[in-house]
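**Student:** kindly return the folded structure for what I paste below:
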Amino acid sequence: MLKKGSKLYSILTGSCPKCQNESMYLDKNPLHIDKVLKMHENCSHCGLKYQIEPSFFYGAMYVSYGLNVGVGIAAFIIAFVIFGSSLKVAFIAIIASLILLFPFILRLSRNIYINMFVSYDPKINLK
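**Tutor:** Model (predicted):
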């Protein structure tokens, strides 16, 4: 399912979307909040510049918004519909899930956004 060359591989692993050989991030652990957005400037393997243009990753905010809406809806359905809790508890579940998943959604939105513009190039790995 997750094999090199697929967009899903690059999105879920946070690897370079062009060669998929190294992580785009200086620290692979998204739970280190102070380093969650720190990225390499270029891929050391293929030379892809991650910041394609100035303020490139501001567009990832739109992806992040969509992911956060999805997480909020999922938290509401789990809390209110499946567990049958009150609206107040469901609201607390939404807020808690958004706070806990913040660093993961932040990185995932960046990964998705850069993969919209850069595709995998198998020729790079043949060098």
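
**Student:** what helix or strand is Val89 on?
**Tutor:** If you go by DSSP states H and E, Val89 is part of helix 87-100.

**Student:** next structured bit after that helix?
**Tutor:** In N-to-C order, the element after helix 87-100 by DSSP H and E is helix 102-117.

**Student:** run through who's touching that following helix.
**Tutor:** Here helix 102-117 makes contact (C-beta atoms under 8 Å, 6 or more residues apart in numbering) with 7, 10-12, 14, 17, 24-25, 30-31, 33, 36-37, 50, 52, 56-57, 59-61, 63-64, 67-68, 71, 98. Every residue, glycine included, has its C-beta placed from N, CA and C.

**Student:** what angle separates it from helix 87-100?
**Tutor:** 60 degrees (axes from the mean of the first three to the mean of the last three C-alpha atoms, to 10 degrees).

**Student:** the residue sitting nearest the centre point of the chain and Ser44, how far apart?
**Tutor:** What sits nearest the mean C-alpha location of the chain, by C-alpha atoms, centre = their mean, is Leu108, with 0.7 Å. Per C-beta to C-beta, to the nearest Å, Leu108 is found 23 Å from Ser44.
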